[in-house]
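1. with the input below, show me the fold.
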Amino acid sequence: MKSLEDLPSEIHVLDLAFGPGEPGCLIAQEFPESQIILSDLEDKMLKKAEMRAKNLGLESRVSVQSIDMTKLTSHVPRNSQDVVTCSFGLFFVPDGMDEIYSVLKPGGYLVATVWDDLPHIELATKCLDMILEETSKLPIDGTYLGNGLADHLLTDAGFQLVEHKHSEVSHAIHCTPWHY
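-> Just a heads-up that it's a prediction; the model follows:
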């Protein structure tokens, strides 16, 4: 498996359901010749990510776009991305794995995090409310991609599992609004 140190400095990254711009902006900072596409469907998240990229001086390499994960190839060329990232967003569209696979270059990587179960959905909703500065509802239909469902859906789309880590985190969480 490639480590981050083994990737070339010029990589193309598509960050799906990025929220306010992470991890895409961090990746852009770590890979100074990279081109990053941040995609989300929420207008307020798009604006916050644009401000974040601008404040970090990344606007020349980070583009912010409204892209539906089930229609990626309408906006992103096939076989064009070295890495696709998605932090806790695959559950929004579990049927979009084929689209993710199709925009990756051969040998490219999907780096994704999923909940094994949803005990903290109320906390996640409150954090989203703070970021959006309004009451929201996460579009959860009971699909949490735990118990191996994510691995099954990804394998069906053509992905090969390179590494799977299960992490449990237990700590106090203090929510503080982010300002951009």
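2. dump the residue contacts of P23.
-> Counting by CB atoms under 8 Å, 6 or more residues apart in numbering, P23 touches 15, 85, 87. Placement of C-beta: from N, CA and C, glycine included.
3. least confident of those?
-> Ranked by pLDDT, these bottom out at S87 (83).
4. now it. Nearest residue, chain neighbours left out?
-> With sequence-adjacent residues excluded and distances taken as CB to CB, 6 or more residues apart in numbering, S87 is closest to T113, at 5.1 Å.
5. quick one: neighbours of that neighbour, just the number.
-> Residues near T113, counting by other CB atoms under 10 Å, number 15.
6. and it, what does it touch?
-> T113 sits in contact with 86-88, where contact means CB under 8 Å, 6+ apart.
7. surely L110 is in contact with S102?
-> No. L110 is not in contact with S102 according to CB atoms under 8 Å; the separation is 11.6 Å.
8. who has more neighbours, those two?
-> In this view L110 and S102 are compared by other CB under 10 Å, and L110 has more residues nearby, 20 against 17.
9. which strand residues bridge the residue most central in space within the chain?
-> Residue closest to the average C-alpha location in the chain (CA atoms, centre = their mean): C86, at 2.3 Å. When bridges are called by DSSP bridges, C86 pairs up with L16, A112.
10. is it true that it touches E22?
-> No. Using CB under 8 Å, C86 is not in contact with E22; the gap is 11.7 Å.
11. most neighbours, which of the contacts of P23?
-> Neighbour max across the contacts of P23 (other CB under 10 Å) = D15, 30 neighbours.
12. skipping adjacent residues, who's closest to that one in space?
-> Among residues not flanking D15 along the chain, G24 sits closest, at 3.5 Å (CB to CB, 6+ apart).
13. likewise for I67?
-> Nearest to I67 is S39, by CB to CB, 6+ apart, at 3.8 Å.
14. could you do A157 as well?
-> A157's closest residue in space is M97 (CB to CB, 6+ apart), at 3.6 Å.
15. check which element follows the helix or strand bottoming out on mean pLDDT in the chain along the chain.
-> Within the chain, no helix or strand scores below helix 121-132, which has a mean of 69 by mean pLDDT, DSSP states H and E. Using DSSP states H and E, the helix or strand that follows helix 121-132 in sequence is helix 149-157.
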